[in-house]
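Peer 1: structure here, sequence nowhere to be found:
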């Protein structure tokens, strides 16, 4: 057996048999490499049992999860998932309180839930075969969606600051049957400027900011009525994720999910600037990571070139945050209905043992860590929903069954007249 520690190869033997077929790589950290090398230098390696060495190699591989990039990815994903669910609840309450249903969210029924994996599969194949042809069109569409989503996410914070500072905010224009205030106009300009900066630089922080805003907006506008439809959707996406990651190569000659996830889109801004021979062309990145995933450089505190190789980044698809967040939004709304008071962060913390959100959220974190650990140990891409679906849906079903509330969660609340008309339930 050979194990590679920061460039040093140590040969091991067990019962006189050389096991050269398996190699282990320790975490991509000089500190961990150095510590592991020191540990082995002080011991009689030949006396170590091969199985112990295998376990040691696995443990040291898993220590990579303590590096800044994986930790940042985990913390960001958990925070975005929770924030999306909380924003969805507050958005529903805002619509109900203001009786403004012009932007009411969509509540999926069973047929719509079943169509999501089907349409996702078709979109995946389209991107797999025609990505080069449609990448610039996708970039333009994503840019428009990013402006809208970022505006949606920042509007509550801006409104809160305006009310706290007591600022006057007169209406200044009217567009698409909606009135815009001066503050909203300024916020819109800021959002457009942020997206423009992303188009020019392709910086991963801007990519993450836009991806997070798209995730939050999606969860706020697309909702699930009950656990029955939610379970149906999650199980279908569970199978979808497993097939396209593990088995698509057998049918299409390549891993379709990985191929699509790692492709970079052509930048239409660079194309236009190049065709017009505009000055400063070298400042515009040729390729873009579309904000359909969050990415973190593996060397988080080192220099990263915009538009660099995807191998230099860790990534997590927005669907691996948005789909579990839809479940969290559902149980958070259930917690809200069961409580006589408005749900806020302080209430939720003080009533931790009574709310389903505090079973689903740790389950999501555990599932995400398990998925990353499996990827590190196998050195291969993993379908995140393989781990996230059981770890989030499982605790909710078990706890609700113990509390004898499964039937209520399974079928959802009996809709009132207003609910039937306005469809504001999560």
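Peer 2: Thanks, I have it. This structure is a prediction, so every number in the text was calculated from the model and none was measured.

Peer 1: contacting residues around the residue nearest to residue 242 when sequence neighbours are not counted?
Peer 2: Excluding the flanking residues, the one nearest residue 242 by C-beta to C-beta, 6 or more residues apart in numbering is residue 383, at 5.1 Å. Backbone N, C-alpha and C define where each C-beta goes, glycine included. If you count contacts by C-beta atoms under 8 Å, 6 or more residues apart in numbering, residue 383 has them with 241-242, 244-246, 257.

Peer 1: who wins on neighbours among those?
Peer 2: Most neighbours among these, by other C-beta atoms under 10 Å: residue 241, with 25 neighbours.

Peer 1: just confirm it contacts residue 386, I think it does.
Peer 2: Yes. Counting by C-beta atoms under 8 Å, residue 241 touches residue 386, with 6.2 Å between them.

Peer 1: the strands in the chain, which residues?
Peer 2: Here the chain has its strands, by DSSP state E, at 2-5, 8-11, 13-14, 17-18, 23-25, 106-107, 171-175, 178-181, 222-223, 265-266, 287-288, 293-297, 313-317.

Peer 1: which residues of the protein score low on pLDDT?
Peer 2: Applying pLDDT under 70 to the chain flags the ranges 1-57, 98-104, 168-179, 302-311, 340-354, 413-426.

Peer 1: pull the longest helix from it.
Peer 2: helix 110-165 (DSSP state H).

Peer 1: which secondary structure elements does that one sit against?
Peer 2: Applying 3 or more C-beta pairs under 8 Å, 6 or more residues apart in numbering; DSSP states H and E, we find helix 110-165 packed against helix 68-98, helix 182-201, helix 204-221, helix 227-242, helix 256-262, strand 265-266, helix 268-275.

Peer 1: go with 6 Å
Peer 2: Under the contact criterion of 3 or more C-beta pairs under 6 Å, 6 or more residues apart in numbering; DSSP states H and E, helix 110-165 touches helix 182-201, helix 204-221, helix 227-242, helix 256-262, strand 265-266.

Peer 1: which one of the ones you listed has the most crowded surroundings?
Peer 2: Mean neighbour count (mean count of other C-beta atoms under 10 Å) peaks for helix 204-221 among the helices and strands packed on helix 110-165, with a mean of 23.

Peer 1: I'd say residue 257 and residue 244 touch.
Peer 2: Yes. Using C-beta atoms under 6 Å, residue 257 makes contact with residue 244 at a distance of 4.2 Å.

Peer 1: re earlier: let's have the contacts of residue 383 in a markdown table, adding distance to residue 272.
Peer 2: Listed next are those as a markdown table, based on distance: C-beta to C-beta, whole Å:
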| residue | distance to residue 272 |
| --- | --- |
| 241 | 37 |
| 242 | 41 |
| 244 | 34 |
| 245 | 36 |
| 246 | 40 |
| 257 | 31 |
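
Peer 1: nearest to residue 284, of the helices and strands packed on helix 110-165?
Peer 2: Closest of these to residue 284 is helix 182-201, at 5.4 Å (criterion: C-beta to C-beta).

Peer 1: re the thing from before, save the helices and strands packed on helix 110-165 as TSV, and put in distance to residue 300 too.
Peer 2: Shown next, in TSV, are these (distance: least, C-beta to C-beta, whole Å):
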stretch	distance to residue 300
helix 182-201	18
helix 204-221	10
helix 227-242	27
helix 256-262	19
strand 265-266	24
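
Peer 1: what's the closest of these to residue 88?
Peer 2: helix 204-221 (4.4 Å).

Peer 1: what packs against the closest one?
Peer 2: helix 68-98, helix 110-165, strand 293-297, helix 319-338.
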